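A.B. asks: Turn this into a structure:
(chains A and B)
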Amino acid sequence: MGIMEHIEPAGIHSGDSSAVLPTYSLSVDAVATMVEYTEKLAKALKIKGLINVQFAIKGDQVYVIEANPRASRTTPFIAKAYKVPYLQIATKIMLGTHKLKDFDIKPQPSGYAIKVPVFSFEKFPNVDKNLGPEMKSTGESIRFIKDLSDPFFRELDRNRNMYLTR
Amino acid sequence: MPKDQSIRSVLIIGSGPIIIGQACEFDYSGSQASRSLREEGIEVTLINSNPATIMTDPVTADHIYLLPLTVDSIIQILEERQIDAVLPTMGGQTALNLAIEADSRGVWQKYGVRMIGVDIAAIELTENREAFRQHMIDIGLFVAPSRIANSFLEGKEAAQDIGYPLVIRPSYTLGGTGGSFVHHEDEFDAALRRGLEMSPTHEVLVEKAVLGWKEFELELLRDASDNVVIICVVENLDPMGIHTGDSITVAPAMTLSDTAYQEMRNQAIKAMRSLGNFSGGCNIQFAQNPETEELIVIEINPRVSRSSALASKATGYPIAKIAAKLAIGYRLDELNNQITKTTSAFFEPTLDYVIVKMPRWSFEKFPGADHQLGLQMKSVGEVMAIGRNFLEALQKACQSLENNRMGLGADKKEWIRTSDVLERLEKVSDDRIFRLKDALRLGVPEKTVQKLTHIDPWFIKQIKQLVKMEQQLMRYNVAEDIPEDFFRELKEVGYSDAQIAWLMRIKEEEVTRQRFLLGIKRTYKMVDTCAAEFEAKTPYFYSTFDSENESIPSDRRKVVVLGSGPNRIGQGIEFDYCCVHGLLAAKDAGFEAIMINCNPETVSTDFDVADKLYFEPVFWEHLEEILELEKPEGVIVQLGGQTALKLASEFHKRGIPIMGTDYHSMDLAEDRGAFSTLLKDLEIPYPLFGVAGDADEALRVAKEVKYPVLVRPSYVLGGQYMRIVINDEELNATC
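C.D. replies: This next block holds a predicted model:
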């Protein structure tokens, strides 16, 4: 369906990371490796329906962190950004009435789509606002940009930090 | 007046990203409004920056703009499209505020766009606290004594006038942000400063606190000809002092006398008719003095709200859908009741059941957060349960929460020290209802409980009844000993088999087996808006223990989609989006699509999205009997987040087919140890890891993989309890 690259490094929960669809800084090789691993995994797990795989990349090495055999938080995001009804397709595959080849899937990307987490910390004045492996955001918004020179993206990219505080 | 023909295209403003106080209920109202307008041949354009919403999906609207909710975005849309009117009442406070801002910059006027549903004057009147207060007094209604303050000094003066306890309410904020109670003078300065800071207009209202008064909410609809219907009266079990979003609420009102109800009705209608140009859904909150039945108006929201989503699900009356039609000129008497399809929309729904709404908090995600509840909403989601009586609905709500509770207590999680319990009753926290029962169980008199909580004695008496039944139940040793009538009574007040088993210290299976042997099984009743007075056509059901079953399974191919329960951090609106698409796809593929969920804020629990809706806890005991009745070809567990996925093992154990990826593969992916072995076999690199069952093992693993390490429990959601640790001590503390 799509590959999203997190702006923040691994260690911050995926739900609290800003993420970019498609990837913006990875090598062609890294992307190809992720696709290959995902296919291998999906086949080994005999997935019929959805799977979400999380990777960490260090240098040239691609590591698998985890896999979820279900719709994930980002599935609707990708469906919206690419204008493809992925969930309907997946459901019909689960039901066994259709096969993947029955669908003509044509993603229509327009530049990059950025997922930005939104927090509700003002409701909890004394709480620790550092981010980590536990998710703390309550919602998200989407922002489309034409290219990576977009000031909004550059701001996000510049401010990325292991322990960012809101 | 019939439909206004000059409106051919409408812009609906969404509510943006989910934050506490403004969640997916506005996706529900926006989607309903959009569908309702499109039915009338109107072209609908939507703006919302939240990608996880159904309202921004091509299935809902004609043109979708996933843009930041700013005036510039509005201008961009108006430049691109011919828009006749804007409907700002469906996207919560965010949408109203944006509409006001655009208006003050002259945007609507410049592009010739009319505002429908509400006008700026009506918004201003309800939002500007001082104007609102004066207006209420002018039309002869009562409000709490208060004064407006725009500066620190003015605030201090107001406090002197009014006296303590008092409330500080910042103007134009959402979900009570920045507001607080002040009981003593020494807390006042800090609270006032915070309130002024939070208000975008640097304005607060200093108001006398009516702590302990009863709180009621009325959901109404008004049309352009001043017809008004009251859809629902919701009673807050938690009295004034706790934000409605954090209160347990009940409908219909349980402790309201008929005269007080009539008075409230009259006042509500009067207030609404005085609002100027307004046609659509509206919510009015009252506080009632429990001794004298004296009423004061707390606030009016001239838009659909979280409570109108709840009221829609509670009554079956689609408030947002009808509100959208009223906004384009229809009168209530010109529209049909969407459930019966034969009666008019100009009627007030009658309930022959009770609903209980319970908030869901995620305090575990915010270490250090103050659990005390007050003016500011802190919950992140909610559940609704329907039962034949208050206790059944209350216990079903507890079962829906997914907090590992089996009902209202009787599940190994009770507190046993009276002093702890009493302290918690006074300092209101997220577990108060459970502590209330603990107190009664420990022999604390009802009067004392009432004094500490100000909860109406009727509710306390009801819960006391549970305590008495439990005492009787504990006299039996084995499931076969429970007399049939008493067994039935237990189930009728909502006890799960797990609770009964815990009280008797026997196995749940033994209780279930005996119950089925006695033929004590759930039957299903229809939510029909009219207490069965007319024939209803909409398949919307809840379970109870009654002789007659109204849910007749069809002989079509069917599939059940499991929902994701209450919204919480890590599992929210995204899964509602997934379920809606799953239902649509299943219908499209020729299946009867059956939805099971208990979250009233969602689109997937709208009665006309699925072919059949069971508004029930996503709790095994409830699912089992629905599946037995419906006998679907299979269950879809991939769309309802971890909630649904977690239940896969139960289905597998009982041979109920899971659609798509089979149980073994799912389990393999979830089990961290087995999954890593799989990765190894496939020659896919993964971070070094080890599986540990206790702290000692964890220390050994950490030595092998070297610090820093990530500690991650198996089978959890949203990184719950995951920690990054850098040395042995931290690791020990985490295990």
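
A.B. asks: three-state assignment of the spatially most central residue of chain B?
C.D. replies: Taking CA atoms, centre = their mean, the centroid of chain B lies closest to B:Glu382, which sits 3.3 Å from it. With DSSP: H, G, I helix; E, B strand; the rest coil as the basis, B:Glu382 sits in strand.

A.B. asks: What of B:Phe181?
C.D. replies: Under three-state DSSP, B:Phe181 falls in the strand class.

A.B. asks: Just list the residues touching it, thanks.
C.D. replies: The contact partners of B:Phe181, taken as CB atoms under 8 Å, 6 or more residues apart in numbering or on different chains, are B:165-167, B:209, B:211, B:241, B:374-375. Backbone N, C-alpha and C define where each C-beta goes, glycine included.

A.B. asks: how does it look with 7 Å?
C.D. replies: By CB atoms under 7 Å, 6 or more residues apart in numbering or on different chains, B:Phe181 lies in contact with B:165, B:167, B:209, B:241, B:374-375.

A.B. asks: Report the separation between the residue nearest to the centre of chain B and B:Met90.
C.D. replies: 19 Å (CB to CB, to the nearest Å).

A.B. asks: Then B:Met254?
C.D. replies: Distance check for B:Met254 against B:Met90: by CB to CB, it reads 30 Å.

A.B. asks: Where does the prediction get shaky in chain A?
C.D. replies: A:161-166 (pLDDT under 70).

A.B. asks: That one: strands as residue ranges?
C.D. replies: In chain A, strands defined by DSSP state E lie at A:5-6, A:19-21, A:52-58, A:61-68, A:112-118, A:139-145, listed in chain order.

A.B. asks: Distance to B:Ser279 and mean neighbour count added to the ones you listed, as JSON lines?
C.D. replies: Formatted as JSON lines, the strands of chain A follow (distance: least, CB to CB, whole Å; neighbours: other CB atoms under 10 Å in any protein chain shown):
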{"stretch": "strand A:5-6", "distance to B:Ser279": "46", "mean neighbour count": "20"}
{"stretch": "strand A:19-21", "distance to B:Ser279": "41", "mean neighbour count": "23"}
{"stretch": "strand A:52-58", "distance to B:Ser279": "44", "mean neighbour count": "17"}
{"stretch": "strand A:61-68", "distance to B:Ser279": "46", "mean neighbour count": "18"}
{"stretch": "strand A:112-118", "distance to B:Ser279": "32", "mean neighbour count": "21"}
{"stretch": "strand A:139-145", "distance to B:Ser279": "30", "mean neighbour count": "22"}
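
A.B. asks: just checking, what packs against the top helix by length along chain A?
C.D. replies: For chain A, the helix with the greatest residue count under DSSP state H is helix A:28-44. Helix A:28-44 is packed against strand A:52-58, strand A:61-68, with contacts defined by 3 or more CB pairs under 7 Å, 6 or more residues apart in numbering or on different chains; DSSP states H and E.

A.B. asks: Recalculate using a threshold of 10 Å.
C.D. replies: Applying 3 or more CB pairs under 10 Å, 6 or more residues apart in numbering or on different chains; DSSP states H and E, one finds that helix A:28-44 makes contact with strand A:52-58, strand A:61-68, helix B:663-670, helix B:672-681.

A.B. asks: Would you reformat the strands of chain A as CSV and include distance to B:Ala61?
C.D. replies: Listed next are those as CSV, based on distance: least, CB to CB, whole Å:
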stretch, distance to B:Ala61
strand A:5-6, 30
strand A:19-21, 22
strand A:52-58, 27
strand A:61-68, 30
strand A:112-118, 19
strand A:139-145, 16
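
A.B. asks: In a markdown table: the ones you listed, plus distance to chain B.
C.D. replies: Output for the strands of chain A, formatted as a markdown table (distance: least, CB to the nearest CB, whole Å):
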| stretch | distance to chain B |
| --- | --- |
| strand A:5-6 | 14 |
| strand A:19-21 | 10 |
| strand A:52-58 | 7 |
| strand A:61-68 | 5 |
| strand A:112-118 | 4 |
| strand A:139-145 | 3 |
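
A.B. asks: count of neighbours near B:Glu79?
C.D. replies: For B:Glu79, the tally of surrounding residues (other CB atoms under 10 Å in any protein chain shown) stands at 8.

A.B. asks: Looking at B:Lys653 now. What's its pLDDT?
C.D. replies: pLDDT recorded at B:Lys653 is 92.

A.B. asks: how about B:Glu293, what does it touch?
C.D. replies: B:214, B:256-257, B:259-260, B:263-264 (CB atoms under 10 Å, 6 or more residues apart in numbering or on different chains).

A.B. asks: Let's see which of these end up in strands.
C.D. replies: Filtering these for strands - DSSP E - leaves B:Lys214.

A.B. asks: Closest to B:Phe591 out of the contacts of B:Glu293?
C.D. replies: B:Phe591 has its nearest neighbour among the contacts of B:Glu293 in B:Leu256, at 43.8 Å by CB to CB.

A.B. asks: Look up how far A:Met4 lies from that closest one.
C.D. replies: 51 Å.

A.B. asks: do the same with B:Ala585
C.D. replies: On the measure of CB to CB, B:Ala585 and A:Met4 end up 23 Å apart.

A.B. asks: Check B:Leu237 too.
C.D. replies: Going from B:Leu237 to A:Met4 by CB to CB gives 43 Å.

A.B. asks: Mind checking which of these two has more residues around it?
C.D. replies: When B:Leu237 and A:Met4 are compared for neighbours, B:Leu237 comes out ahead with 26 against 23, by other CB under 10 Å.

A.B. asks: before we move on, back to that, contacts made by the longest helix of chain A with the rest, please.
C.D. replies: With contact meaning CB under 10 Å, 6+ apart, helix A:28-44 is reached by A:3, A:5, A:22-23, A:26-27, A:47-53, A:55, A:57, A:59-64, A:67, A:69, B:661, B:665, B:668-669, B:675, B:678-679, B:681-686.

A.B. asks: Is A:Asn98 in contact with A:Asp104, as I believe?
C.D. replies: Just to correct that, residue A:98 is His rather than Asn. No - contact criterion CB atoms under 10 Å: A:His98 and A:Asp104 do not qualify, at 11.9 Å.

A.B. asks: Comparing those two, which residue is more hemmed in?
C.D. replies: More neighbours surround A:His98 than the other of A:His98 and A:Asp104, with 17 against 6 (other CB under 10 Å).
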